[in-house]
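Participant: Pasting the sequence and the predicted model now:
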Amino acid sequence: MLENHNRTPEVISAEAFVVDVDGFEGPLDMLLTLARTQKVDLRKISVLALAEQYLLFVDEAKRLRLELAADYLVMAAWLAYLKSRLLLPPDPEEEGPSADDLAAHLAFQLERLEAMRTAAARLMGRDQLGRDFFARGLPEDVQRRCVITYKASVLDLMQAYAVIRTRGNFTPLHLDERESIFTMEQALDRMKSLIGTVIDWEELKNFLPDGSGADPKLRRSATASTFAASLEMAKEGLVELRQTAAFEPIQVRRKGASDG
Amino acid sequence: MDETESLFEAPPLAEQERMIEGMLFASSEPLSKRQIEARLPQGCDAAEALSLLSKRYQGRGVELRKVGDGWAFRTAPDLGYLMQTEVKEARKLSRAAIETLAIIAYHQPVSRAEIEEIRGVSVSRGTLDQLLELEWIKLGRRRNTPGRPVTFIVTQTFLDQFGLESSRDLPGIKELRDAGLLDNRPPPGAMPGHEASDENDDQVEMFEEEVDP
Amino acid sequence: MDETESLFEAPPLAEQERMIEGMLFASSEPLSKRQIEARLPQGCDAAEALSLLSKRYQGRGVELRKVGDGWAFRTAPDLGYLMQTEVKEARKLSRAAIETLAIIAYHQPVSRAEIEEIRGVSVSRGTLDQLLELEWIKLGRRRNTPGRPVTFIVTQTFLDQFGLESSRDLPGIKELRDAGLLDNRPPPGAMPGHEASDENDDQVEMFEEEVDP
């Protein structure tokens, strides 16, 4: 079978690749390797000869019953088409790019791939950080220092003072105001029933009972009892609590909930 | 230079200095003279090169320093402040602090016992320390009463901060009432219930954030 | 605060140089001019001080290097052999990863489809992930073409790794551009190439041995 072909030295060397088809990264890579065997500048490459080399390789692979990936076969079909177009005189009726355009683009692709290979090799050949040159081995970290400034206005001051001075005017909490109280037992019940539905971290304030937004007294009471309930549940190992920083919202989640 | 046993000549001293400079820079720990010499070409005199290097960095932003029996580069001590970045954070003063401050401003000079009497709750040392640290209050004269308690007064910094010319500029009770600040309904977050000492006020604060819309 | 600070004159240039020297010595990562100036007293001109500093270290064992928009001290490359104890064994990159990196560096910003068009094979997610993990590449802007594909660009870490001041300094980039090899030349008509890239592409690639050039 091979005897039918013109056995140039290039073709013979190309045959050697048949054994090691796994070493290629796709048909373009294989074409580039074949092209190199032409031992000419890629710009002057004979795309026709290259197509023949490639088709020969595919034939040989078939003869050896090697299984070729589909993209190798697609390339073979296309090269067979290109070869026939290159051999025939141009058909003025034919639409689309000319055979020469197609051949030129293939040559360009090969040249570009080759150029990128060379560039990659040059890049990797450069001196590298941590191998040839080094950064400071003992960096001295910049420390973040938090400077807290407190702010308060005269109005804050006056309001605070006014509150103190008028405190005596208040009557003690009446029994009928008890409805504004959310007890720890209630908070515990509420949290225990809600926590099962919580998948991830949830802000503690979302556990407050309905209507506590509108009633400041209830809200205050519920905030305290819900917080106490969450502590109690954390103690029992039912929930986990976290707060990213002072004054940030307190978050709660079921113990053993997804841990990311 | 000791070249007795080396076949090749040691590199010039300036080059040795350069080598040590690179080594010490890249090393993750101080290197002793022995360690340095083990890595230098034969016949090098680390001591002399180190002394040159040390001189070169004298007065620079980094200095060559002896750490134990090793050598290492370190930031010049006077530049330590450059190794810190300041993160500014403004916080609201806690209610305990603002109330204490208000009492001092209105009643100065005032002793701690008097502040507690007016507030109706005990005043933590931390609250007073915070105000002292802010330089909004300072110690006044001691009282001539048994125990000679210290008193607190507000400072010029306080007056500047609050835009007051003197503490007498603070509005009186009547003006507060006229301004509607002494309504019978207390503002939210100023509910009674301070019976406990304000040692726990920090915790309460957390909730205030949520209560105040 | 700002007003009072600007009342003071900026420190003399030599002192600014010293400050920057300390800062850059302390950091293992490049610092940008902006970062440096943020830590210097007001009114300092980092550019001028940096240029002085760069001259001061010319030919030393440690050099001042420009890396993208940052500055960093790095040991002189010719001294690398003295620091082999500092070398950390890096994972070898696969041939696919190396080529992909080069294509991104020379063609950036470049989309995945364009990388595949150049290599003639699909690019596995693992290859890109490896480069992203090394922080040698990052996502650039999306293309304004149908599907708005993401593009990839190289990072400052990449420039630092390969001792490049900018991606304009990539070896041979000018010649490649002049030869038209960095043009985005779409194939005429239907050319066979890689199929639409397969997200499930074999991850094996990542572990391939580097092919020596």
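Facilitator: Received, thanks. Since this is a predicted model, take the numbers as computed values, not measurements.
Participant: What is the neighbour count of residue A:203?
Facilitator: When counting by other C-beta atoms under 10 Å in any protein chain shown, one arrives at 13 neighbours for residue A:203. Where C-beta positions appear, they are placed from N, C-alpha and C, glycine not excepted.
Participant: again but with residue A:89, I slipped
Facilitator: Counted with other C-beta under 10 Å, residue A:89 comes out at 6.
Participant: repeat for residue A:44
Facilitator: Count around residue A:44 with other C-beta under 10 Å applied: 8.
Participant: For it, grab phi and psi.
Facilitator: phi -100, psi 10 (degrees, to the nearest 10).
Participant: How about the residues of the stretch 1-150 of chain A by chain B?
Facilitator: A:134-138, A:140-150 (C-beta under 8 Å from any C-beta of the partner chain).
Participant: Just the buried residues from those residues, in PyMOL please.
Facilitator: A single PyMOL command selects the buried members of those (16 or more other C-beta atoms under 10 Å in any protein chain shown):
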select buried, chain A and resi 134+135+136+137+138+140+142+150
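Participant: Now for the residues of the stretch 1-150 of chain A next to chain B: which two are most distant?
Facilitator: Across the residues of the stretch 1-150 of chain A next to chain B, the longest distance by C-beta to C-beta is 45.6 Å; it joins A:134 and A:150.
Participant: Is it correct that residue A:154 is in contact with residue B:161?
Facilitator: No. Using C-beta atoms under 8 Å, residue A:154 is not in contact with residue B:161; the gap is 9.5 Å.
Participant: could you check whether the one helix or strand residue B:65 maps to is close to chain A?
Facilitator: In this structure, residue B:65 sits in strand B:62-67 according to DSSP states H and E. No. Strand B:62-67 is not in contact with chain A by C-beta under 8 Å from any C-beta; minimum separation 9.7 Å.
Participant: Tell me the predicted confidence for residue A:202.
Facilitator: We have a pLDDT of 85 for residue A:202.
Participant: Quick check: closest non-adjacent residue to it.
Facilitator: Nearest residue to residue A:202, sequence neighbours excluded (C-beta to C-beta, 6 or more residues apart in numbering or on different chains): residue A:252, at 5.9 Å.
Participant: Mind listing residues that contact the next helix or strand after the strand holding residue B:65?
Facilitator: Counting by DSSP H and E, the element after strand B:62-67 in chain order, helix or strand, is strand B:70-75. Here strand B:70-75 makes contact (C-beta atoms under 8 Å, 6 or more residues apart in numbering or on different chains) with A:136, A:138, A:140, B:24-25, B:27, B:29-33, B:35-36, B:50, B:57, B:61-65, B:67, B:82-83, C:22, C:25-26.
Participant: pLDDT of the helix or strand following strand B:70-75, averaged?
Facilitator: Per DSSP H and E, the first helix or strand lying C-terminal to strand B:70-75 is strand B:84-92. Per-residue pLDDT over strand B:84-92 has a mean of 76.
Participant: same for the helix or strand just after strand B:84-92, what does it pack against?
Facilitator: Sequence-wise, the next helix or strand downstream of strand B:84-92 (DSSP H and E) is helix B:95-107. The contact analysis (3 or more C-beta pairs under 8 Å, 6 or more residues apart in numbering or on different chains; DSSP states H and E) places helix B:95-107 against helix A:154-166, helix B:112-119, helix B:125-133, strand B:151-154, helix B:201-211.
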